[in-house]
Each structure stands twice: as C-alpha cells, then as structure tokens.
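In: Below are the sequence and a predicted model for it; my questions follow.
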Amino acid sequence: MMTLTQRVDRRSFLKQLAMVAVAMSLSAVCYPAAPGARKKPNIIVILSDDIGFGDISCYGATHVHTPRIDSMAAEGLRFTDAHSDAATCTPSRYALLTGSYAWRRDGIQVLPGDANLLIDPQQPTVASELKSAEYVTGLVGKWHVGLGDGKIDWNGEIKPGPREVGFDEAFFFSATADRVPTVYVQDHHVVNLDPNDPIFVSYGKKIGTDPTGKEDPDLLKMKLSEGHDGTIVDGISRIGFETGGNAARWKDEEMAQTFTAKAVDFIEKNQHKPFFLYFAPSDIHVPRAPAPQFAGKSECGVRCDVIDQLDWSVGQVLDTLKRLHLEEDTLVLFTSDNGPVVNDGYDDGSDRKLDGHKPAGHFRGGKYTIFEGGTTIPLIVRWKGHVKSGVSNALISQVDLLASFATLVHQPVPAGSAIDSQNVLPALLGKSFHGRDSLIEEAQVLAIREGKWKLIDRSQRPGAYPRPAPPANQKDALGDILRAYPTAPLELYDISVDPGEMTNLAAQYPDIVERLRSKLAQTRAVANRNGHSTS
C-alpha cells in the first residue's frame, strides 16, 4: 500500500510526464520532422529594400519578371497580408531584429550614416536568440540601425554594431547607398582602408575637397531631383560629405555582386552546422545603378532593371542551397523592409518609364505613407519538405519573426523583451491560416489593422511620449507660437473591399472606431523593458 508521500510523488511524476508529452506534441506541430532533415533548420531571411507588393510577378506584376522569387512562391507559401512595422527602413529593420515596435521609442527615424546604434547590446535580437540556440549567425548587406555609442572613428575599431547584438560575422554598409560613408565594413573595420588616406564623414558641412552634386553637377552620371547633393562618389552624389578613404569606396554597379558573393560564401563556409543568414541587399533602393548585365534590359526602366538584379541575387542563394543539398534543411524567407517608392531623390527616369507597372499593386500609397502600400509587402516562405506550396491571407508582421524563430528552435525569449513579437510559426509554416489578430502600422502617424478593418489616427505619433497639444497661444523661448501636431478626422477603411482606402467609414461605424482606438491606446500603454511606457 502506497504512503501519502508516494501517492503525491506519483501524481507529480505523472503530471510532469503529461506536460512533457504536451510539449513534445506542440514541438511536432511547430517543427515537423522529415526524413534526412537535421534537428535544427538553417534560416535565411532575405530582406530586400523598397520592394512593393506589386513589384514581383508572382504578386501580379506584368511588366517585371522575377522567375527566381516566383519559384520560391511556387515551392512555398506566399502571404498576401504581411507587413513591415513601418513605411521606412530604419524603424522596420529595428522592429524585425528586436521584436519590438520602433514607435515605442523616441528618435527611431531614417538614420544618417554616422548615427549611433539603436539596439542595446543587452536587448535580445533574432540573431542573439539563434546564436543562443547554437546557430552561426551572419549579416550581409544593409544595416541602417546605427553604429557605435559616440562619435564614430571610421579609421579605427567601429563598435558596438552587428557583432555586439548577436551576429558572429558581418559584412555591411552603415546606412543606405545614397548616404556617406560609401564604404563596406567587415565586423569592426572599414574594408580596404588605406591608413595613409583616412576617411572622415560629416552631415553638417562640407569637408575636404571632393566635388559635390551641388557645386559640380556636370560631373554626375546620375542627375538629381531633390537633395542628394553632397559628396560625389562613383559619379553619384550622396547625402552628406566625406573625404579620404578612396581605396575603400565602393563601385555602385558592383554592389549586388559583392553582397551576393559574401552571402554565398557564408552558406558554403557554414554548410555543416545550423546557420542564420540575414541577407539584406541594397536593391532596389536608390541610387539605382545595375550591373551591365541588367542595365537597360527591363520593360519599365532602371527601377525594374534593379528588380531583375535582385531576383538574380535571390537565385544565387537558392542555387547554392541546391548545390550543397541544403534545400530540405533550410527555411528561406523573402520580404521587403517597406513599400515602394519611384522618384526618391535621383532623376533616373523611373517615374516616366513605369508604363503601367504598379509598384504597390492594388494598394494606395507606398514608402513614407500610412496607407497600406507603405507597409504591405511581399513575404514568401520556402522550406522544402516542410512548407506546402500555396497562398495565405494570414495577418503577419515582420516583428513576429523573433518569437516565431525562437519557437522553431526551442529557444526561450527573455521575459520583458520582444514584447510585440507573437509566435505565428503555424501560419508561417502553413499549418494555420490565422496569424495575429491585429497590428500597428507607422509612417509619422499610427494606424491599427484588425481583420478587414483599418483605423488611421493622425493624432497618434511615434515616440515614447507623444506630445500633447500646447495651451492656446503658448510661446516657446524664442517667442514663437507652439504648434501641436496637426490633426485630421479619424479614418476607418474596410480593406477587404477598399484596398485603395478611398471611402472613410468612420461616421458609419462609430463602435468599431472606438474599439480600435481603445485597442491602439492599450497597445501603446504596454511597457518595454528596453524602453519606456508609451502611455
């Protein structure tokens, strides 16, 4: 006859056994085993730049042909309601990497090339989570979430940066191809820098004797439409000024090949161990300078030439996986950092050569805008033998990648971090057609999506402490009248029938407006361990 203690111990044992069984069952649902598959899959995230929902032929583009990206969609899952966090690159990349909405913090806007690192090295990231799960982690391409914690010495050790937030290896440029410095950085140092020709950078005033777009427009091989009139490098003037570092400066027409070769090299070098590659091509961001094999070959101008070039880069990655027999061992995700833009500071003729091409597809707006074209982006997941081909309308945000990948590899996310990242792995793997219930979009103002409904509240601005309206006629220290953020009527749209967001239904559905306003306020009130409460 068992004693009371023995019965309790037995019940405890059976309870623990049941919990283990449930955990194993959930694990099987999240990560189905397949013959020959390794325990942990490789993960590749390809984050393109400024690719719109309508820029890929598998999403309906007829003037652009993207056979390699289309092959991913044919062999995997194509999402129709996937979103970047923001309609501009720095906030959306911050959110993707950290699992936290960028609007929770002040100052997360499009950064200059000499800005400091936005991510606290103690803050979990997709890379650090996978590194903790014994992955080799690598960054290749555009970074644009800052470097260092003070004035950057481009001639010395540049840190903190990607290496300090979870990447074992990093080959990148600091911001965008249209900003200085126009050099690559590997880990902590500028590549090919001649110590006898040090590099210096300024975003305030001209330095050095290099010609600029403003002073020497006749030297430009790419004319300007606005701004971008700083130092001329490779025949293209940039935002900001730099001097020195001539041996380290890149050639724009060689950038895609350079980054793609580095991505392929990372895969080859780490093929025998689980790896995570964050491959962030510069294409199709301005300045658009395709390699000769792509220049002038498309139906809709240079912007479409660099879409062809991006498709080639994706193909090189896919071909490498096939050659190394890694297709069934590797989850590949293709997406974009925000919606499309056509004329973005250079007069490259893109706006005059669209010839019917619709970069945002059937959505209104694009990069910089709060309309759906600003954050609704392509998202394709391919994992042969694990993800069935098809189309999903699940609501997904890139902010969810951290929690989803952590679940995939059974890596716990530290409490209080990545507070906006939801585990949508079943949706990403095609096991469910339900993603998240709602998400918030950012483009200088905030909007909330829930199912078919979208509410735009232009009084809601990004930042930890949204500024209230000042008292009437209050003046600042200089005697100028303080002005509140501009306001506008609330906008409610039914995206399912009005993707162009042309018919404001706020007056017809006040209950829905109030519910969504309340939900947005509740989301803002959540405190982040790495920031502040946004209540």
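Out: Thanks, I have the structure now. Every value quoted in this text rests on a predicted model; they were computed, and no experiment measured them.
In: rest of the way, CA atoms for contacts and neighbours
Out: Will do.
In: wait, isn't D355 in contact with R303?
Out: No: counting by C-alpha atoms under 8 Å, D355 sits too far from R303 to count as a contact (12.0 Å).
In: So those two - more neighbours on which side?
Out: For the pair D355 and R303, the greater number of neighbours falls to R303 (32 against 12), based on other C-alpha atoms under 10 Å.
In: so where does the more buried one fall, helix or strand?
Out: Element membership of R303, judged by DSSP states H and E, is helix 302-323.
In: That helix: how far from the chain's middle?
Out: With C-alpha atoms, centre = their mean, to the nearest Å as the basis, helix 302-323 stands 18 Å off its chain's centre.
In: and after it, which helix or strand comes next?
Out: Using DSSP H and E, the first helix or strand after helix 302-323 is strand 330-336.
In: Give me the angle between that next one and helix 302-323.
Out: 170 degrees (axes from the mean of the first three to the mean of the last three C-alpha atoms, to 10 degrees).
In: ok, strand 330-336: who's next to it in the sheet?
Out: The pairing partners recorded for strand 330-336 under DSSP bridges are strand 42-48 (parallel), strand 379-382 (antiparallel).
In: So which of the ones you listed is nearest A427?
Out: Among the strands paired with strand 330-336, the nearest to A427 by C-alpha to C-alpha is strand 379-382 (10.3 Å).
In: I'd like the average pLDDT over the closest one.
Out: Per-residue pLDDT over strand 379-382 has a mean of 98.
In: ok, and what's touching that strand?
Out: Applying C-alpha atoms under 8 Å, 6 or more residues apart in numbering, the set of residues contacting strand 379-382 from outside is 72-73, 75-80, 82, 331-336, 387, 428-429.
In: Repeat that for stretch 151-161.
Out: Contacts to stretch 151-161, defined as C-alpha under 8 Å, 6+ apart, come from residues 114, 117, 121, 146-149, 188-190, 193, 195, 198-200.
In: Buried residues, it. List them.
Out: I152, D153, W154, N155, I158, K159, P160, G161 (16 or more other C-alpha atoms under 10 Å).
In: and the helix holding R303, average pLDDT?
Out: On average, helix 302-323 scores 98.
In: Sketch out the low-pLDDT regions of the stretch 351-500 of the chain for me.
Out: Where the stretch 351-500 of the chain drops to pLDDT under 70, the residues are 465-487.
In: would you list every one of the helices in it?
Out: 372-375, 401-408, 425-428 (DSSP state H, counting those that start in this stretch).
In: Tell me which of those helices is the most buried.
Out: Most buried of the helices of the stretch 351-500 of the chain, by mean neighbour count (mean count of other C-alpha atoms under 10 Å): helix 372-375, with a mean of 31.
In: Can you list phi and psi of the nearest residue to P281 once chain neighbours are set aside for me?
Out: Excluding the flanking residues, the one nearest P281 by C-alpha to C-alpha, 6 or more residues apart in numbering is G141, at 5.2 Å. Dihedral pair for G141: phi 120, psi -150, per degrees, to the nearest 10.
In: Same check on K251?
Out: Phi and psi for K251, reported as degrees, to the nearest 10, are phi -110, psi 120.
In: what about it, neighbour count?
Out: 15.
In: right, and it touches I236 too?
Out: No: shown here, K251 and I236 do not form a contact pair, counting by C-alpha under 8 Å, at 10.2 Å.
In: returning to that earlier point: residues in a beta bridge with the residue nearest to P281, which ones?
Out: Here G141 sits in beta bridges with F172, A280, going by DSSP bridges.
In: tell me the contacts of the nearest residue in space to K384 that is not next to it in sequence?
Out: Excluding the flanking residues, the one nearest K384 by C-alpha to C-alpha, 6+ apart is E328, at 4.8 Å. By C-alpha under 8 Å, 6+ apart, the residues touching E328 are A37, W383, K384, G385, H386.
In: Quick one: residues contacting the third one.
Out: With C-alpha under 8 Å, 6+ apart as the criterion, the residues that contact K384 are E75, G76, E327, E328, D329, T330, L331.
In: which of these tops the neighbour count?
Out: Busiest of those [other C-alpha under 10 Å] is G76, holding 26 neighbours.
In: burial of S421, as a residue count?
Out: A count of nearby residues for S421, using other C-alpha under 10 Å, gives 22.
In: Oops, could you answer that again for P489 instead?
Out: Neighbour number of P489 under other C-alpha under 10 Å is 12.
In: Then H144?
Out: H144 has 25 neighbours, counted by other C-alpha under 10 Å.
In: got it, and D308?
Out: Applying other C-alpha under 10 Å, we find 25 residues neighbouring D308.
In: give the contact list for the closest residue to it other than its chain neighbours.
Out: Excluding the flanking residues, the one nearest D308 by C-alpha to C-alpha, 6+ apart is T66, at 6.4 Å. Each residue near T66 by C-alpha under 8 Å, 6+ apart is listed here: I56, S57, C58, I307, D308, D311.
In: Pull up the gap between the fifth one and H65, please.
Out: D308 sits at a distance of 7 Å from H65 (criterion: C-alpha to C-alpha, to the nearest Å).
In: where along the stretch 1-150 of the chain do the strands fall?
Out: Assigned by DSSP state E, counting those that start in this stretch, the strands in the stretch 1-150 of the chain fall at 42-48, 77-79, 82-83, 136-142.
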